[in-house]
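Novice: only geometry, no sequence info:
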């Protein structure tokens, strides 16, 4: 089996690569070839099969055709300009997130007709939804995004479904929850604090909490996200049906519940490293975000997320801190 | 006030043109200039203000910029490849319905920044929805189209909303019901019979009914459609809010109710001209179409449709047959 990961250099792309190398197979098929692509060439990992790394800019009209030439069986399309940058640089966001995705779909259509029909896993986002929301967002709720990033992802979903319906590709779009706990260093993303308030205290460092403990959000661990991608790569498309874009399951938790989980796992000493510093700008942004989903379809199709925030904290400790606090 | 109609040569475009000329104004502002554009130059009507007619192919990247150069205050974008053709010619559908719409939005953004921000009325369609449906489709139901045409319209809606949110244009998208009674001659569109069974008998001619009388569908007259466009051109955008795409009101009627209305208006003699000729292909297509909507938002915003099918029949007689059967 040949696998292509576009956007392999990002956090999820790197974790997916590690998992594929550890497993050596995907959905029962041995992996023979892994092609890792990002705008800068990803690092080449050691693996028991051929690994190729390559820089490519998907917004160049001919780039996708080149990546598809070796006819990968499974393509993970993770490449994207993130929300804040797509909002700040309107043209760049559309160029990468919309044109890049369309070039990829078109290159598959032109390569194969009905002969070549790879499974394409597209990472979408809960940003396809815009307030006001019901208490829990169901599988039939409209996609009325309030960011350019959300708009570009919603358009990608529509294209994916139509190209799949026409038999040009075998696509599955997955709407990822906010990934928590993100490894690395604190960043300035408005959502950064959800991870910072767990990761930093676990490392003995102070973290800033800019919102109240009542704020509720929708989380899944990096490990769960990789699990979603693997499951999406191998799931039976006929069971999914024509609605090829799925809201992933996750855990709805308040900031207060996050802090309780931290306390249960790492004690009051860790919790004391959280410094309250209310930020009205972040409070306003976060108020427009979804709190909770009713991801019935994805659950019925076998996608699995965490069932408690404590589990999310423990996964971070296992996967990032060698199991020790 | 300067008005541009793209797709002015079609049935709705011609009726909108007639209405604008008859009124001489739009939303209280006198019309000074009307620019009529279609892929073949529309016929030039007599009018009490300047009328310019021009052929233009919106799928040419530079065409929209040329049309926008005179900075129209209101733009009606009615141009589209229809459902059947967009399904048969995949590339043409995307070229006109998606690229054409995006070129138009981009040309407005590049022309004006925040200085030039015209009202853009975009005709979308109930084809943005795909089965299975609830009994009545509400304003928060997902857009999961089952045709390329519906996909292209749903993408146009997303772009319109995002360009509006960013302040580049002042867009309103309206999802038109099936227009009934369409004037002209019977065509081979799967939906043609909804109009044929009224129009042909009123003209003393036979019409074929390929489905059962229980089939329910969502209708509005050509006169109502022009009313939607005029209202969308002048409505206060702040009242609409960020969800700029609206399902238009309409009349949910069964074929049996259509026939009863024909009987009430034109008698049993007209009804006898309807010949039952069941067509399994058309029955299957029509079974996937929406039956009914709950168009709360559009109604609250003042959009108006017919309240009985008899009214739709009488409007056809007034507008197309000089008031006489």
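Specialist: Yep, it's here. Here the structure is a predicted model, which means the values were calculated and not measured.
Novice: all strands for the stretch 1-150 of chain A, in order.
Specialist: For the stretch 1-150 of chain A, strands defined by DSSP state E, counting those that start in this stretch occupy the ranges A:2-6, A:25-26, A:29-30, A:33-38, A:50-55, A:74-77, A:119-125.
Novice: so which of these comes closest to chain B?
Specialist: Closest to chain B of the strands of the stretch 1-150 of chain A is strand A:119-125 (Cβ to the nearest Cβ; 12.9 Å). For glycine as for every other residue, the C-beta is placed from the backbone atoms N, C-alpha and C.
Novice: Mind giving me the packing neighbours of that closest one?
Specialist: strand A:74-77, helix A:101-112, helix A:148-165, strand A:170-176, helix A:222-234 (3 or more Cβ pairs under 8 Å, 6 or more residues apart in numbering or on different chains; DSSP states H and E).
Novice: hmm, back to that, turn the strands of the stretch 1-150 of chain A into TSV, columns for mean pLDDT and mean neighbour count.
Specialist: Putting the strands of the stretch 1-150 of chain A into TSV (pLDDT from 0 to 100; neighbours: other Cβ atoms under 10 Å in any protein chain shown) gives the following:
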stretch	mean pLDDT	mean neighbour count
strand A:2-6	98	24
strand A:25-26	97	16
strand A:29-30	98	12
strand A:33-38	98	23
strand A:50-55	97	15
strand A:74-77	98	25
strand A:119-125	97	25
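Novice: Would you format those strands as a markdown table with distance to residue B:99 included?
Specialist: A markdown table is the format used below for the strands of the stretch 1-150 of chain A (distance: least, Cβ to Cβ, whole Å):
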| stretch | distance to residue B:99 |
| --- | --- |
| strand A:2-6 | 23 |
| strand A:25-26 | 36 |
| strand A:29-30 | 38 |
| strand A:33-38 | 26 |
| strand A:50-55 | 28 |
| strand A:74-77 | 21 |
| strand A:119-125 | 21 |
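Novice: Out of those strands, which is closest to residue B:21?
Specialist: Closest to residue B:21 of those is strand A:119-125 (Cβ to Cβ; 46.3 Å).
Novice: Not counting the closest one itself, show me its contacts.
Specialist: A:7, A:12, A:73-78, A:80, A:83, A:101, A:104-105, A:108, A:149-150, A:153-154, A:156-157, A:160, A:169-176, A:229, A:232-234, A:237, A:245 (Cβ atoms under 8 Å, 6 or more residues apart in numbering or on different chains).
Novice: if we go to 6 Å?
Specialist: Residues outside strand A:119-125 that contact it (Cβ atoms under 6 Å, 6 or more residues apart in numbering or on different chains) are A:74-78, A:153, A:157, A:160, A:169-173, A:175-176, A:229, A:232-233.
Novice: what about the helices and strands packed on strand A:119-125, which gets the closest to residue B:262?
Specialist: Closest of the helices and strands packed on strand A:119-125 to residue B:262 is helix A:148-165, at 36.8 Å (criterion: Cβ to Cβ).
Novice: Figure out which of the strands of the stretch 1-150 of chain A is closest to residue A:208.
Specialist: Using Cβ to Cβ, the strands of the stretch 1-150 of chain A put strand A:119-125 closest to residue A:208, at 24.5 Å.
Novice: And the contacts of strand A:119-125, which of them are buried?
Specialist: The neighbour count (16 or more other Cβ atoms under 10 Å in any protein chain shown) marks A:74-78, A:153, A:157, A:160, A:169-173, A:175-176, A:229, A:232-233 as buried among the contacts of strand A:119-125.
Novice: about what we covered before: including distance to chain B, could the helices and strands packed on strand A:119-125 go into CSV?
Specialist: Shown next, in CSV, are the helices and strands packed on strand A:119-125 (distance: least, Cβ to the nearest Cβ, whole Å):
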stretch, distance to chain B
strand A:74-77, 18
helix A:101-112, 8
helix A:148-165, 4
strand A:170-176, 11
helix A:222-234, 18
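Novice: Please convert those to CSV, extending it with distance to residue B:313.
Specialist: Converted to CSV, the helices and strands packed on strand A:119-125 look like this (distance: least, Cβ to Cβ, whole Å):
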stretch, distance to residue B:313
strand A:74-77, 51
helix A:101-112, 44
helix A:148-165, 37
strand A:170-176, 44
helix A:222-234, 51
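Novice: Nearest to residue B:311, out of these?
Specialist: Nearest to residue B:311 among the helices and strands packed on strand A:119-125 is helix A:148-165 (35.6 Å), distances taken as Cβ to Cβ.
Novice: Report the mean confidence score over the closest one.
Specialist: Mean pLDDT, helix A:148-165: 97.
Novice: same check, this time on stretch A:231-238
Specialist: Stretch A:231-238 shows a mean pLDDT of 98.
Novice: List the contacts of that stretch.
Specialist: With Cβ under 6 Å, 6+ apart, stretch A:231-238 has contacts from A:26, A:27, A:74, A:119, A:121, A:170, A:172, A:174, A:303.
Novice: one more time with 8 Å, if that's ok
Specialist: Under the contact criterion Cβ under 8 Å, 6+ apart, stretch A:231-238 has outside partners A:26-28, A:74, A:76, A:119, A:121, A:164, A:170, A:172, A:174, A:244, A:246, A:301-304.
Novice: list the buried ones in that stretch?
Specialist: The neighbour-count check on stretch A:231-238 (16+ other Cβ under 10 Å) flags A:231, A:232, A:233, A:235 as buried.
Novice: next one: stretch A:196-209
Specialist: A:196, A:197, A:198, A:199, A:200, A:201, A:202, A:207, A:208, A:209.
Novice: quick one, what contacts the first one?
Specialist: Going by Cβ under 8 Å, 6+ apart, residue A:196 touches A:186, A:207, A:208.
Novice: of the residues you listed, closest to residue B:280?
Specialist: Looking across the contacts of residue A:196 and measuring by Cβ to Cβ, the closest to residue B:280 is residue A:186, at 62.7 Å.
Novice: and the closest one, what are its phi and psi?
Specialist: Dihedral angles of residue A:186 (phi, psi; degrees, to the nearest 10) stand at phi -60, psi 140.
Novice: rewinding a little: would TSV of the buried residues of stretch A:231-238 with distance to residue A:96 be doable?
Specialist: Shown next, in TSV, are those (distance: Cβ to Cβ, whole Å):
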residue	distance to residue A:96
A:231	26
A:232	21
A:233	22
A:235	27
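Novice: In the stretch 201-325 of chain A, what residue lies closest to chain B?
Specialist: Nearest to chain B in the stretch 201-325 of chain A, going by Cβ to the nearest Cβ, is residue A:243, at a distance of 5.0 Å.
Novice: Can you pull the residues of chain A lying near chain B?
Specialist: Residues of chain A lying close to chain B (Cβ under 8 Å from any Cβ of the partner chain) are A:90, A:130, A:134, A:139-146, A:148, A:151, A:154-155, A:158-159, A:161-162, A:165-166, A:242-243.
Novice: Quick check: PyMOL command selecting the buried ones in those residues.
Specialist: Entered in PyMOL, the line below selects the buried ones among these, by 16+ other Cβ under 10 Å:
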select buried, chain A and resi 130+139+140+141+142+143+144+145+146+148+151+154+155+158+159+161+162+165+243
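Novice: Could you pull up the residues touching residue A:129?
Specialist: Counting by Cβ under 8 Å, 6+ apart, residue A:129 makes contact with A:137, A:141, A:143, A:144, A:145, A:150, A:290.
Novice: Which ones among those residues lie within helices?
Specialist: The members of the contacts of residue A:129 that map onto helices under DSSP state H are residue A:150.
Novice: do you know how far the residue nearest the centre of chain A is from residue A:227?
Specialist: Geometric centre of chain A, nearest residue: residue A:176, 4.6 Å, by Cα atoms, centre = their mean. Going from residue A:176 to residue A:227 by Cβ to Cβ, to the nearest Å gives 11 Å.
Novice: Please enumerate the strands of the stretch 201-325 of chain A.
Specialist: Remark: strands assigned in the stretch 201-325 of chain A by DSSP E, counting those that start in this stretch are A:207-209, A:216-220, A:245-247, A:251-254, A:274-276.
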